[in-house]
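S.K.: Here you go, sequence then predicted model.
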Amino acid sequence: MNERESTALDRRTRWLEGPDSPIGSHDDERGGYFYAKDELLVVEADFPRLERVLAPLDIKVDHDHAGKLGVVRLRLGSGQDASRLQVPEILARVRAADQPQDRGGNGKQPALRVGPNHVLSGEPEYEGGPYGPARPSVPEYEGGGSAAANPAGSGGRTSRDSLIERLMRGRGRGKGVRVVVIDTGYTRNVHPVMDQRVRSTGTPELDAQPKDGQIDYEAGHGTFVAGCILRHAPCASVEVVEVLGPAGYGTEHDIAQAILDHPEADVINLSLGGYTDGDHVPWSLNAALQKLRPQTAVVAAAGNNGASRPMWPAAFKRVVSVGAVDDRGQQAPFSNFGWWVDVCTSAVDVVGPFPRYNEQTNPGAVAPFFDGWALWSGTSFAAPKVAGEIAARCSLPFRYASARAAGSSLINDPKRPHLPDLGTLLDL
């Protein structure tokens, strides 16, 4: 990571650790996790039991209705202990107080299904985010030549033009397929031809976490991901839902609700993730995935820690988990790996659409400037390649019964090479 990339990461880290951040972090023997301060999640059926445990601990809570998700979000309120204890400490007290009890001949009661409202990040990495921030796709790198002389590999100007040309031609790949991207939102008017294919609401902020005259670490992430999908499925209908902020963070509960709010989706792309308390299943995401139509394909990034620890939601069996390789088909040094990774594809120096950010559009802007394109690396950009390919396959007449079946055809294709702990290698 060079000096500029380190500076960008430092700015986000200072915001994350500052007094205005709503996010806490907890370190443990597994490596820790991020969580929403002063919030817990509990499966609805266990809520009365949790209330009984909290009462003698002098911890008061307000709560939301469980709704269709079936998971209650609790907000820690007043009380002697609640005012000074952090979420991990409260959970430890709850679990100590809720000792399993004998249920007669039926054995011991199961553990409370309660946990933090985990905070996940776009292009997941426990101590960062993408494998470095986005980099300007500068003209001097777009003249072709060898991969060594061209950071975009075989991309550069060709990669830019191929996306626009595919969108303008509008040939059938992805036609009639609905793809939902849950991410940082979509910036319109960067490439008008893309706007015709992408639905979104609102205008994502580019400089807010922190607001310091520089583009935030993951601002533009959703726009870039949408471009990766449309390169493979230019006729798909893509909806980008803003759940993550420009620093790239969002809560498990909000992401789960966004999944539940889009039951009509054929493909859902989740270029986000995080670690969990004790590596346990995150309750809200588990509930949302269980309530999806069985035909829906869910694709998620495996993460960029270069580690085998399960990253959620990618580690769910219900999800197509995507790792990254380099241009030679070797494991990218940043890519997570393990039994839970299903497929992998190239995701080093990907060229994609990116919000314009320069001194003309943002008078307080500090370099680097972006002209509508960027280079970015990470499993976040491997996942939408796979999501786009699934959408493209769905548009083939009489070929696949559902998007999920199309995804299975990629994972289980015996003609494709298989890499240990990275799954099926896809040339996308």
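M.R.: Okay, I see it.
S.K.: alpha carbons only for contacts and neighbour counts from here, please
M.R.: Will do.
S.K.: Break this structure into its domains for me.
M.R.: 22-120, 135-425 (automatic domain parsing).
S.K.: Could you give the separation between the terminal residues of the shortest one?
M.R.: Taking C-alpha to C-alpha, to the nearest Å as the measure, domain 22-120 stretches 13 Å from start to finish.
S.K.: Give me the residue ranges of the stretch 1-150 of the chain where confidence is low.
M.R.: Along the stretch 1-150 of the chain, segments meeting pLDDT under 70 span 1-9, 78-83, 100-108, 123-133, 137-150.
S.K.: what does the stretch 301-428 of the chain give?
M.R.: Residue ranges of the stretch 301-428 of the chain with pLDDT under 70: 358-368.
S.K.: Repeat the analysis, applying 90 as the threshold.
M.R.: Counting by pLDDT under 90, the ranges of the stretch 301-428 of the chain that qualify are 354-376, 396-399.
S.K.: same thing with the stretch 151-300 of the chain?
M.R.: Residues of the stretch 151-300 of the chain that meet the cut-off, pLDDT under 90, sit at 151-172, 189-191, 201-220, 245-249.
S.K.: Could you rerun that using 70?
M.R.: Using pLDDT under 70, the flagged stretches of the stretch 151-300 of the chain are 151-161, 168, 170, 210, 216.
S.K.: hmm, back to that, can the domains of the chain go into JSON lines with extra columns for distance to Arg12 and mean neighbour count?
M.R.: Shown next, in JSON lines, are the domains of the chain (distance: least, C-alpha to C-alpha, whole Å; neighbours: other C-alpha atoms under 10 Å):
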{"stretch": "domain 22-120", "distance to Arg12": "12", "mean neighbour count": "16"}
{"stretch": "domain 135-425", "distance to Arg12": "7", "mean neighbour count": "21"}
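S.K.: so which of those domains comes closest to Arg11?
M.R.: domain 135-425 (7.4 Å; C-alpha to C-alpha).
S.K.: if we can go back for a sec, for the domains of the chain, which one sits closest to Asp10?
M.R.: Checking the domains of the chain against Asp10 by C-alpha to C-alpha gives domain 135-425 as the closest, at 9.7 Å.
S.K.: end-to-end on that closest one?
M.R.: Domain 135-425 has an end-to-end distance of 26 Å (C-alpha to C-alpha).
S.K.: right, so of the domains of the chain, which gets closest to Arg14?
M.R.: Going by C-alpha to C-alpha, the one of those nearest Arg14 is domain 135-425, 8.6 Å.
S.K.: how distant is the closest one from the center of its chain?
M.R.: Its chain's C-alpha centre and that of domain 135-425 lie 8 Å apart, by C-alpha atoms, centre = their mean, to the nearest Å.
S.K.: what are the ranges of the strands in the stretch 1-150 of the chain?
M.R.: Secondary structure of the stretch 1-150 of the chain (DSSP state E, counting those that start in this stretch): strands located at 23-26, 33-43, 61-63, 71-76, 114-122, 135-136.
S.K.: what does the shortest one rub up against?
M.R.: What it means is strand 135-136. By C-alpha atoms under 8 Å, 6 or more residues apart in numbering, the residues outside strand 135-136 that reach it are Pro368, Phe369, Phe370, Asp371, Trp373, Ala374, Leu375, Trp376.
S.K.: Relative to it, what are the paired strands and their orientations?
M.R.: Under the criterion DSSP bridges, strand 135-136 sits next to strand 373-376 (antiparallel) in its sheet.
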